[in-house]
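**Q** just coords:
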Ligand code: PRX
């Protein structure tokens with residue numbers, strides 16, 4: 001690993017750094033003293049933030065920690081839905097827009113104020129009560145990106161029932177597994193949603209799933225697309241029949257700070273997804289604080305667009321709970337970025353005056369691949385801050401985001417966190433922290449991170465190793481649903497007493513943090529450890545490459561060999577000379593050992609609906625195995641196409 005890191009070092013030393021702009025700093029929500037305040041007494045820092053929430057019973061305790069179990073603000077009581085809605089309405093902000101909803105079909109828009117959202121959540125809470133939902137239950141939500149999905153989440157929270165939102169791209173089997181694992185008895189869904197110009201079927205998947213889930217007694221169905229659905233008498237109810245007639249008032253009960261708020265399933269290293277549990281007060285404290293400070297939120301004027309799906313944690317924390325706790329206005333967009341044209345996003349930015357845009361590097365690279373003319377055709381002067389999340393962002397995409405999308409004006413926050421962490425853990429603070437293209441820079445105030453070796457010893461500046469969290473934080477998962485042993489083993493045993501994130505990271509000479517990617521994606525080539533992310537960084541550094549995915553494929557001679565899959569930016573052609581150039585570039589930037597044995601140029605990469613490249617499946621392709629489970633893919637045909645290409649093109653060596 002050492003020689004690889006020496007190479008990274010050489011590249012990092014050439015890295016540009018952007019100081020916070022004086023204009024931004026002048027009006028930023030926080031200044032540099034926030035780091036010292038939080039470091040001096042992290043628990044006091046978080047307690048101060050927690051007091052921004054509305055409590056029915058104020059807490060007197062902060063952190064109680066019996067590894068690996070933490071409670072935060074444990075003797076306080078509150079209601080999550082009251083914090084998102086009632087208090088804003090009570091403060092005279094009922095007319096403020098909570099969401100500008102933009103459906104995928106052109107012209108299908110709705111504007112929803114805090115008052116309207118409050119009334120709809122009350123109706124839904126009353127309807128769920130009639131269906132027998134009580135505090136402590138779990139309710140499955142399987143919906144498109146429409147306002148009713150948020151209403152359903154908040155109605156559950158209002159009743160003290162935990163929601164389990166299952167991403168709309170999952171199939172019936174995946175849905176059934178999640179419903180059973182969390183023992184959900186009620187499912188909220190829609191007939192379907194609009195995606196890529198067609199109506200997907202959701203209810204049909206629920207019907208198939210429920211054949212395996214006999215304990216589900218009620219299904220509530222939103223009519224979104226108008227397609228025919230099967231209605232099971234006594235079990236299935238239309239949303240407009242059971243929710244609309246209800247009273248728009250509901251007096252919310254207060255629940256303990258540690259009341260389960262939601263379960264969110266995420267993939268681990270085994271095939272069985274983990275139900276990551278989040279509770280109420282600590283989570284709300286973490287997401288509202290990070291939302292206000294990382295995005296420098298001015299709740300009165302900002303229009304926040306977290307372009308993610310509410311089926312994933314980014315949507316939970318930064319479309320729903322963070323912005324609503326802070327009384328912000330958000331854009332909620334249902335569809336894919338190029339529905340109705342490759343300029344769809346920029347039309348939305350222009351029309352709603354989006355000020356804060358937060359999305360994933362994979363999307364940024366896709367937009368970059370489409371070409372500058374699409375954003376350039378629209379007024380983006382409202383944008384003042386850009387964020388990135390979900391995977392390492394390569395410097396080229398970072399610079400494009402900054403220069404083209406942000407016109408050089410907007411600070412970029414590269415935020416590292418996970419489903420398990422609940423909220424942002426590492427990020428620059430805009431107006432305060434300098435930024436470097438590709439670096440998450442430093443721990444958020446009140447969070448203690450380190451990069452350690454196998455023994456748990458800090459590697460110090462200029463060292464690479466494993467990213468750990470030293471101390472419990474408010475938004476941390478309280479466990480894996482139904483599997484405390486797996487929780488202990490996965491996160492708290494690798495480096496005893498510390499949270500093991502599963503990511504490799506590096507501190508540069510300045511002590512700034514670079515996330516190198518999952519350590520489970522580490523390759524071993526002739527006994528040398530190589531990070532797949534590392535090779536990808538080199539490939540995307542080439543002017544022709546839009547995206548790259550690298551896997552370690554088993555190889556008779558070297559143990560593993562590097563196999564790369566790349567897509568090209570518009571205007572470049574795939575030919576042998578280009579492939580040779582790319583291999584030479586990797587060899588030059590990292591060393592001959594990292595030179596890909598095979599580079600396959602492909603029109604697209606296989607991605608999940610949340611935009612993650614599925615390297616596991618590419619490994620199957622590279623190793624000529626039959627393709628594994630492709631159900632989480634956005635478009636499984638992309639993988640088959642790559643498989644065919646792989647089998648039909650001769651190897652480069
Ligand atoms: O590998 C890290 C990567 O995404 C993983 C967490 O994925 P998930 O639980 O799906 O949550 C994604 C949204 C928070 C991490 O272990 N990751 C996330 N953010 C970054 C990142 N890698 C590099 N840089 C980031 N900013």
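**A** On my side now, so go ahead. Computed from a prediction, not measured in an experiment: that's the story for all the values here.
**Q** Which residue ranges of the stretch 151-300 of the chain form strands?
**A** Applying DSSP state E, counting those that start in this stretch to the stretch 151-300 of the chain gives strands spanning 162-165, 186-190, 192-195, 198-201, 218-222, 236-238, 255-256, 260-266, 274-279.
**Q** and among the ones you listed, the most buried is which?
**A** strand 186-190 (a mean of 28; mean count of other Cβ atoms under 10 Å). C-beta: built from backbone N, CA, C; applies to glycine.
**Q** can you map out the strands along the stretch 401-550 of the chain?
**A** Using DSSP E, counting those that start in this stretch, strands in the stretch 401-550 of the chain cover 412-415, 449-452, 464-469, 479-480, 499-507, 513-518, 522-525, 528-531, 545-555.
**Q** closest to the ligand out of these?
**A** With Cβ to the nearest ligand atom as the criterion, the ligand lies closest to strand 513-518 of the strands of the stretch 401-550 of the chain, at 3.6 Å.
**Q** secondary structure element for the residue nearest in space to the middle of the chain?
**A** Taking Cα atoms, centre = their mean, the centroid of the chain lies closest to residue 314, which sits 3.6 Å from it. Remark: residue 314 resides in helix 313-315, with elements defined by DSSP states H and E.
**Q** Now tabulate the strands of the stretch 401-550 of the chain in JSON lines and tack on distance to the ligand and mean pLDDT.
**A** Shown next, in JSON lines, are the strands of the stretch 401-550 of the chain (distance: least, Cβ to the nearest ligand atom, whole Å; pLDDT from 0 to 100):
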{"stretch": "strand 412-415", "distance to the ligand": "5", "mean pLDDT": "97"}
{"stretch": "strand 449-452", "distance to the ligand": "13", "mean pLDDT": "96"}
{"stretch": "strand 464-469", "distance to the ligand": "8", "mean pLDDT": "94"}
{"stretch": "strand 479-480", "distance to the ligand": "13", "mean pLDDT": "96"}
{"stretch": "strand 499-507", "distance to the ligand": "5", "mean pLDDT": "92"}
{"stretch": "strand 513-518", "distance to the ligand": "4", "mean pLDDT": "84"}
{"stretch": "strand 522-525", "distance to the ligand": "12", "mean pLDDT": "68"}
{"stretch": "strand 528-531", "distance to the ligand": "11", "mean pLDDT": "63"}
{"stretch": "strand 545-555", "distance to the ligand": "14", "mean pLDDT": "89"}
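**Q** Show me the one of the ones you listed that comes nearest residue 138.
**A** Among these, the nearest to residue 138 by Cβ to Cβ is strand 479-480 (14.2 Å).
**Q** partners of that closest one, with directions?
**A** strand 274-279 (antiparallel) (DSSP bridges).
**Q** Please say whether there is contact between the strand it pairs with and the ligand.
**A** No: figure legend: strand 274-279 not in contact with the ligand (Cβ under 6 Å from any ligand atom); closest approach 8.1 Å.
**Q** The stretch 251-400 of the chain against the ligand: which residues are in contact?
**A** Counting by Cβ under 6 Å from any ligand atom, the residues of the stretch 251-400 of the chain that sit close to the ligand are 266, 313, 314, 389, 390, 391, 392.
**Q** Make a markdown table out of the strands of the stretch 401-550 of the chain and add mean neighbour count and distance to residue 578.
**A** Below are those laid out as a markdown table (neighbours: other Cβ atoms under 10 Å; distance: least, Cβ to Cβ, whole Å):
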| stretch | mean neighbour count | distance to residue 578 |
| --- | --- | --- |
| strand 412-415 | 24 | 29 |
| strand 449-452 | 22 | 36 |
| strand 464-469 | 22 | 31 |
| strand 479-480 | 24 | 45 |
| strand 499-507 | 23 | 29 |
| strand 513-518 | 22 | 25 |
| strand 522-525 | 18 | 23 |
| strand 528-531 | 22 | 22 |
| strand 545-555 | 23 | 9 |
